[in-house]
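Trainee: Need a 3D model of the following:
(one chain, ligands or ions: 2)
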Amino acid sequence: MNQTVPISKKISTKKLTIFAGVVCITVILLVYYYRIKLGLLLSNPAAFWKLFLNASELSDFSFWAIMVSVATCVAALLIDFFTLGWKNSSLRKIFVRPTTSSKIDSFCFFLSVSRLHQALGLCVSLGVAYFLSSLLMKFIKFNLLGSIQIPWVQPILFFVLLDIKHYLEHRFMHNRKFWELHSFHHSATEMTVFTNARGHLLEASVYAFFTAIFFAVMGSPLHQIFLVYFFREVYAYLLHSDVKSKLGWVGRWILISPPAHKLHHSINPEDYGRNFGTFFIWWDKLLGTYKEPREGEFKIGLTDDYQNQMNYFKGQWTVFKRWIHSL
Ligand SMILES: [Zn+2]
Ligand SMILES: [Zn+2]
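Mentor: Ligands and ions are numbered 1, 2, ... in the order given. Next up is the predicted model:
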């Protein structure tokens, strides 16, 4: 919930060593604990590799998966265009008068849609979070949703619970220990539909872990999961458009509106730690983190705007160094 961790140009070697040590010990303990099951799994490398790719979302790398990703964004761009008009549209901001911020957003979108973001994330995290996530999904299967016998209740409950997971993981990323990683998303200085794709490579690893816990406990109604993700993804892109509508009573009682999410990106300290929701408004209202978006324009981004002063890769590296320093 803060933007206050100071800049450190030097990487903290001591903290980096402790961090690497904790990660290694955790992996060794888990491997030792699951050594027998792991042995069986490794005797079928193809199955293990598939599981590993599932955790990193790389398993859906195909022409059609990419087309679906593009379609979700195009749907959001069109809604943005017809709502805001050409002059204020994301399309104009991105393609006609791009700022440094929107250029980085566009590059992030390209990486995300081509799955390079996930592939690079897998490499820079050394696969640790994905390895742990794949183990979790393999060995823990409570499948609580599977115990519900009424078929139509399953997907609805899945959607609502998934949204709680998104709220919690987003709030978790605003924790002092993880804020630096999430700050890459908040460094955008203008809202465009593509801002949704802006994120640090390691942040995806944290989300993979949350997702693995969610699926391990809840299970998933496989037939509906595609529709749920498509719907959520279009709305996630729309949340980052500069649409001014607060959506009337829907935006008061059901959905987090784009202006409410814009307030989450506000540079004003009074707005920090508000509106974590990414679909339903309920969790912010219930847990006291909701703030009504105000009228008129306000600045978004970080008080320390260093990430737009450098290229994408240097920005990623600098965020990583600052994150280690903040641990
Ligand atoms: Zn945030
Ligand atoms: Zn956002």
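
Trainee: pLDDT-wise, which helix or strand of the protein ranks last?
Mentor: Every helix and strand in the chain was compared by mean pLDDT, DSSP states H and E; the lowest is helix 45-55, with a mean of 63.

Trainee: what's the following helix or strand after that helix?
Mentor: Where DSSP states H and E defines the elements, the next helix or strand beyond helix 45-55 is helix 63-88.

Trainee: now for that next one, which elements pack on it?
Mentor: Taking 3 or more Cβ pairs under 8 Å, 6 or more residues apart in numbering; DSSP states H and E as contact, the helices and strands that helix 63-88 lies on are helix 90-95, helix 100-113, helix 222-239. Glycine gets a C-beta too; all of them are placed from N, C-alpha and C.

Trainee: Please dump the ones you listed into JSON lines; it should also carry distance to Lys291 for every row.
Mentor: Formatted as JSON lines, the helices and strands packed on helix 63-88 follow (distance: least, Cβ to Cβ, whole Å):
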{"stretch": "helix 90-95", "distance to Lys291": "24"}
{"stretch": "helix 100-113", "distance to Lys291": "23"}
{"stretch": "helix 222-239", "distance to Lys291": "15"}
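
Trainee: JSON lines for those helices, including mean neighbour count?
Mentor: Compiled in JSON lines, those are given as follows (neighbours: other Cβ atoms under 10 Å):
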{"stretch": "helix 90-95", "mean neighbour count": "19"}
{"stretch": "helix 100-113", "mean neighbour count": "20"}
{"stretch": "helix 222-239", "mean neighbour count": "16"}
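
Trainee: Which of the ones you listed sits closest to Leu135?
Mentor: helix 222-239 (20.7 Å; Cβ to Cβ).

Trainee: tell me the angle of that closest one relative to helix 100-113?
Mentor: Between the axes of helix 222-239 and helix 100-113, defined by axes from the mean of the first three to the mean of the last three Cα atoms, to 10 degrees, the angle is 170 degrees.

Trainee: After helix 222-239, which helix or strand is next?
Mentor: Downstream of helix 222-239 (by DSSP H and E), the next one is helix 248-253.

Trainee: measure the closest residue to Asp271 other than its chain neighbours to Ser112 for me?
Mentor: Nearest non-adjacent residue to Asp271, counting by Cβ to Cβ, 6 or more residues apart in numbering: Leu263, 5.4 Å away. Counting by Cβ to Cβ, to the nearest Å, the gap between Leu263 and Ser112 amounts to 24 Å.

Trainee: Would you confirm that Met137 contacts Phe214?
Mentor: No. Assessed by Cβ atoms under 8 Å, Met137 is found out of contact with Phe214, at 9.8 Å.

Trainee: sorry, back to before: backbone torsions only: list them for the residue nearest to Asp271.
Mentor: Main-chain torsions, Leu263, degrees, to the nearest 10: phi -60, psi -30.

Trainee: State the distance from it to Thr289.
Mentor: 11 Å.

Trainee: what's the answer for Gly315, then?
Mentor: 28 Å.

Trainee: try Trp253
Mentor: Separation of Trp253 from Thr289 (Cβ to Cβ) stands at 16 Å.

Trainee: Also Ala260?
Mentor: Between Ala260 and Thr289 the distance is 11 Å, computed by Cβ to Cβ.

Trainee: Quick check on these two: which one has the bigger neighbour count.
Mentor: Using other Cβ atoms under 10 Å, the more surrounded residue of Ala260 and Thr289 is Ala260, with 23 against 18.

Trainee: Common neighbours of Ala260 and Thr289, please.
Mentor: Counting by Cβ atoms under 8 Å, 6 or more residues apart in numbering, the contacts common to Ala260 and Thr289 are Asn275.

Trainee: any idea of the mean pLDDT for stretch 247-259?
Mentor: Stretch 247-259 comes out with an average pLDDT of 93.

Trainee: Could you check which of Met137 and Phe214 has the larger neighbour count?
Mentor: More neighbours surround Phe214 than the other of Met137 and Phe214, with 21 against 18 (other Cβ under 10 Å).

Trainee: quick one: the residue nearest to that one when sequence neighbours are not counted from Ser183, how far?
Mentor: Closest residue to Phe214 apart from its sequence neighbours, by Cβ to Cβ, 6+ apart: Lys165 at 4.7 Å. Distance, Lys165 to Ser183, using Cβ to Cβ: 21 Å.

Trainee: These two: which is more packed in?
Mentor: The neighbour count for Lys165 versus Ser183, taken as other Cβ under 10 Å, is higher for Ser183 (24 against 17).

Trainee: Tell me the helix or strand right after the strand or helix carrying that one.
Mentor: If you go by DSSP H and E, Ser183 is part of helix 179-186. Sequence-wise, the next helix or strand downstream of helix 179-186 (DSSP H and E) is helix 203-218.

Trainee: residues of that next one that come out buried?
Mentor: The neighbour-count check on helix 203-218 (16 or more other Cβ atoms under 10 Å) flags 203-218 as buried.

Trainee: Nice, that's everything, thank you.
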